[in-house]
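Trainee: Only the shape, not the letters, is given here:
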């Protein structure tokens, strides 16, 4: 199935989890995750199953005002 | 004026005491080293930070900025910059809480991406949801009295009205409304955005504001470290002047030197 991972089309196996998506992206800690504009806490990465066309955001600290 | 500073004169937000009344942004500095030196010079109460997709700015994301934040040893105030819908702001705040390990959030909900004016119609709803979720919300808002009152009504223990649009450096464009806020509200007021000069910061503090939050005025100055110090000093000076109580302005001249005994004066 295809998802959008930080706005990039990404292929994942059916029923892949957030943890599997992160394994593809390999983000540098610290980071946080949202799926379809809903926050996914770290504790749920292994259990949160993704659907086709889900939008996964992985964000990290940057400067800000 | 209604604001009564605490006896030890600390800024108190959500029960936490801060010795500085300056909150400083971390963006747009010439280099991380200059940012670090500016923070060291200003010794702000908090520094603001944000969240973006990893890799969106190679110069910023990754461990370097995170390590710098840790070195600063200043509390971090994450923001929800760029959010234009309530759900986006809620989710960004939740993500920030996990990443920065803090309940503090500078709530930005933008209603107009040209002026970056807060979405005054939905800001209260977003603040209310975050307050119920345990956040310590500092809402970036306009100087509208009723909006600020509604934010207080839903549990915001401080509000952060703008002086002018973000990054303009114009200083307070609506002095009447800002002073009316001070007259009417008993919560800490932090002027957030639009300040360009230390005199702007001093001015709002003289009106009785409790703090200022700024970024661009320091970061884009010719010498950000010196300007950070200038803003810190001006903020403290304005607050000291507010506490001291200003004289009433007069319409006519009144000699400060005694008239009695003026030499060479003769009653013709």
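Mentor: Cool, got the structure. Quantities reported herein were computed from a predicted structural model and do not represent experimental measurements. Numbering: from 1, shown residues only, chains lettered A, B, ... in the order given.
Trainee: centre of the chain versus stretch B:136-149, how much separation?
Mentor: Here the centre of stretch B:136-149 is set off from its chain's centre by 12 Å, with Cα atoms, centre = their mean, to the nearest Å.
Trainee: Mind listing what's buried along that stretch?
Mentor: Neighbour-count burial for stretch B:136-149 flags B:136, B:137, B:138, B:139, B:140, B:141, B:142, B:143, B:145, B:147, B:148 (criterion: 16 or more other Cβ atoms under 10 Å in any protein chain shown). No exception for glycine: its C-beta is placed from N, CA and C like everyone else's.
Trainee: In terms of distance to residue B:223, which of those residues ranks first?
Mentor: Taking Cβ to Cβ as the measure, residue B:223 lies nearest residue B:140 of the buried residues of stretch B:136-149, at 27.2 Å.
Trainee: ok so residue A:56 is a strand residue?
Mentor: Yes: under DSSP: H, G, I helix; E, B strand; the rest coil, residue A:56 sits within a strand.
Trainee: Please name the residues that touch it.
Mentor: Under the criterion of Cβ atoms under 8 Å, 6 or more residues apart in numbering or on different chains, the contact list for residue A:56 reads A:3, A:4, A:5, A:6, A:18, A:21, A:33, A:34, A:35, A:50.
Trainee: so of those, which ones are in strands?
Mentor: When the contacts of residue A:56 are checked against strands (DSSP state E), the matches are A:3, A:4, A:5, A:33, A:34, A:35.
Trainee: would you list the buried residues of stretch B:136-149 in CSV and tack on pLDDT?
Mentor: Below are the buried residues of stretch B:136-149 laid out as CSV (pLDDT from 0 to 100):
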residue, pLDDT
B:136, 98
B:137, 98
B:138, 98
B:139, 98
B:140, 98
B:141, 98
B:142, 98
B:143, 97
B:145, 98
B:147, 98
B:148, 98
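Trainee: ok, those residues vs chain A, which is closest?
Mentor: Among these, residue B:140 lies closest to chain A (Cβ to the nearest Cβ), at 9.9 Å.
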